[in-house]
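A.B. asks: Sequence unavailable; structure follows:
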């Protein structure tokens, strides 16, 4: 909620000033923290790819400092007499990211030596390249295995997928297609986790007559013959 409020404020300021872009101050250290949080949560490749250089509608948000460490950015500001403001949340141990910054990363660097931050940031870029390639593959595969059926009773939209076509896809691509289909049927992306998609995937790879699977957003996934039917109930 706080993140949404921050970006809403930035969007409002950008529109008032007619700004082409908003430059964010995220550094390589922030990127490393993001990757470490993703690892701890057992997230997928997209989460491990960290923050993008460019994001938001029409590429509004840019992060020009992602290759620079926090100390360098701070020193550059001081050298140019630019005021540096520290968010008090960044030192509040009740927040996970704060504990990663002040406890976890220093311990890792002490145990493994300097270079952990750089390695994690490099992992983010490698993961982003892989995730982009897999997402593009999934988008092409989606056209081959998915058809959107007419709205059912009550106006619910059903997404139909060919189980044979899905079964022939690599796991990483197939699960991306399943996730895209679930979101298209009404499942909120922020509440759709890996465990949900794994259960849906078993309807393809481990079919034994299982019952329908319920996903967030009142979305139901059911296997009907050679089709996987995903609809909002």
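C.D. replies: That came through, no problem. The model shown is predicted, which means the values in this text are computed figures rather than measured ones. Numbers count the residues shown, from 1 in each chain.

A.B. asks: Point me to the helix or strand that includes residue 161.
C.D. replies: Of the helices and strands defined by DSSP states H and E, residue 161 is found in strand 158-162.

A.B. asks: let me fix that: residue 65
C.D. replies: Assigned by DSSP H and E, residue 65 belongs to no helix or strand.

A.B. asks: quick one, longest helix in the chain?
C.D. replies: helix 116-145 (DSSP state H).

A.B. asks: I'd like to know how far residue 40 sits from residue 206.
C.D. replies: Distance from residue 40 to residue 206, counting by C-beta to C-beta, to the nearest Å: 28 Å. Every C-beta, even on glycine, is put in place using the N, C-alpha and C of the backbone.

A.B. asks: Could you look up the SS state of the residue nearest the centre of the chain?
C.D. replies: In the chain, the centroid-proximal residue (C-alpha atoms, centre = their mean) is residue 47; its distance is 4.5 Å. Following DSSP: H, G, I helix; E, B strand; the rest coil, the label given to residue 47 is helix.

A.B. asks: Can we start the residue count at 502 from this point?
C.D. replies: Yes, from this point I'll number from 502; that puts the last item at residue 548.

A.B. asks: Now for the closest residue to it other than its chain neighbours, how many residues are close by?
C.D. replies: Closest residue to residue 548 apart from its sequence neighbours, by C-beta to C-beta, 6 or more residues apart in numbering: residue 539 at 4.0 Å. Residue 539 is flanked by 21 other residues according to other C-beta atoms under 10 Å.

A.B. asks: ok, residue 539 to residue 578 distance?
C.D. replies: 28 Å.

A.B. asks: circling back: so which residues make contact with the helix or strand that the residue nearest to residue 548 is a member of?
C.D. replies: Using DSSP H and E, residue 539 sits within helix 529-541. If you take C-beta atoms under 8 Å, 6 or more residues apart in numbering as the criterion, helix 529-541 is touched by 548-549, 551-552, 566-571, 597-598, 601-602, 605-606, 617-619, 621-622, 624-625, 628.

A.B. asks: Contacts made by stretch 677-691 with the rest, please.
C.D. replies: 635-636, 638-640, 642-643, 646-647, 649, 658-660, 662, 667, 670, 693, 697-698, 701-702, 705, 716-720, 722, 729, 731-733.

A.B. asks: what is the rounded mean pLDDT of that stretch?
C.D. replies: Per-region confidence: stretch 677-691 scores 91 on mean pLDDT.

A.B. asks: What of stretch 616-626?
C.D. replies: For stretch 616-626, the mean per-residue pLDDT is 94.

A.B. asks: Buried residues, that stretch. List them.
C.D. replies: 617, 618, 621, 622, 624, 625, 626 (16 or more other C-beta atoms under 10 Å).

A.B. asks: Can you check the pLDDT for the closest residue to the second one other than its chain neighbours?
C.D. replies: In other words, residue 618. Nearest residue to residue 618 in three dimensions, chain neighbours excluded: residue 533, at 4.3 Å (C-beta to C-beta, 6+ apart). Looking at residue 533, its pLDDT reads 95.

A.B. asks: and what of residue 698?
C.D. replies: 93.

A.B. asks: Give me the neighbour count for residue 637.
C.D. replies: 12.

A.B. asks: repeat for the one 4 residues further on
C.D. replies: Number of residues near residue 641 (other C-beta under 10 Å) recorded here: 10.

A.B. asks: any idea how far it is from residue 686?
C.D. replies: Taking C-beta to C-beta, one finds residue 641 at 20 Å from residue 686.
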